[in-house]
Structure formats: structure tokens, C-alpha cells
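**Q** build me a model from this:
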Amino acid sequence: MQLTSYLFYDNQAAQAFDFYARCLGGKVAMKVTFGEMPSCENMPPELKRLIAHVRLEVGGAVLMASDWCPPDGSPYPGIHGNRVCVSVDEPAEAERLFVALSDGGEVMMPIAETSWSLRFGMFTDRFGAHWMIDCSRPA
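**A** Below you'll find the model as predicted:
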């Protein structure tokens, strides 16, 4: 079993996942637009370019997403109620990832040593996704 986070973006899933792939050293393994999906011929052109599904692979980890495009047209609620947590073994790597991924975003907790971690920090990135970067203390 693998548990995977799935995020919904406000028309920025493609840009966000290209950014994450660069920062994390991962690979966008799949990116499908709504226009590439079956039965999309009646879809408005502006919706056809949006992302129906994107999959990022980093080592053995996976993060997935799409753009917000509900059939009832309900407004985008923002990414809420979760954080993507990246755990690494080295403090320098935690600091590098924090700086790269938080660029243009809003820092909630600067990366620093804590009582539970060699490095820990939290931020919301420029696309509205919430993150935690962690370098745990050795057991």
C-alpha cells in the first residue's frame, strides 16, 4: 500500500509540478489535460488546456494533482486541510529544499533546529500548496 497526497490547483497544476520537479530532482511521469481526455469535444477551449491529472515521482515517492474543474462549476476553495511533508536525512538538504520550494511563497515557520528535529520549517508555496520540510533527529 502507498498513501499519496492529491492536490487541486487554481489553473496552475502544470507550472507547480514543473517547479516541484526542478526543486526536488524528480520527474513529471504523467501530465494529461482535460482536452486529452475522452468525451471532451463539448468542453470550452479554456478548460481543455487545464490539467486533468499530473503525477510527480521523486525516488519512491509520488505526488499527484489536477486543476480545479468541478462539473457543477463551484468556485475554487484553495488547497486546505493538509501539508505535503518532505523528510530528508541531511540538514543541508532540508535547508536547500526549504529555500527552493518556498521561493515566492509565504513562510509560516522558518527552517531551524527544533526539539524534535535537526531542521524543520513550514511554508505555503507560490501556488498555494502547504509544505513541511523535516530532517529528523537520529533515533
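
**Q** from what I can see Val107 touches Arg126, true?
**A** No - Val107 is beyond contact range of Arg126, at 11.9 Å (criterion: C-beta atoms under 8 Å). Placement of C-beta: from N, CA and C, glycine included.

**Q** compare these two (neighbour count), which wins?
**A** Arg126 (16 against 12; other C-beta atoms under 10 Å).

**Q** OK, contacts around the more buried one?
**A** Counting by C-beta atoms under 8 Å, 6 or more residues apart in numbering, Arg126 touches 19, 103-105.

**Q** again, only using 6 Å
**A** 104-105 (C-beta atoms under 6 Å, 6 or more residues apart in numbering).

**Q** now name the helix or strand holding Val62.
**A** In this structure, Val62 is located in strand 61-67 according to DSSP states H and E.

**Q** I meant Ala92, not that one.
**A** Per DSSP H and E: helix 91-102 holds Ala92.

**Q** quick one: list the elements packing against that helix.
**A** In this structure, helix 91-102 makes packing contacts with strand 117-124, strand 130-136, judged by 3 or more C-beta pairs under 6 Å, 6 or more residues apart in numbering; DSSP states H and E.

**Q** how about the nearest residue to Thr4 once chain neighbours are set aside: which residues does it bridge to?
**A** Spatial nearest neighbour of Thr4, excluding adjacent residues (C-beta to C-beta, 6 or more residues apart in numbering): Val62 at 4.9 Å. Legend: beta-bridge partners of Val62 under DSSP bridges are Glu57.

**Q** same thing with the one 5 residues further on?
**A** Using DSSP bridges, the beta-bridge partners of Asp67 come out as Tyr9.

**Q** quick one: it from Glu41, how far?
**A** 19 Å (C-beta to C-beta, to the nearest Å).

**Q** domain assignment for the chain?
**A** For the chain, automatic domain parsing gives the domain ranges 5-67, 84-136.

**Q** could you tell me the least trusted of those domains?
**A** The stretch with the lowest mean pLDDT among the domains of the chain is domain 5-67, at a mean of 94.
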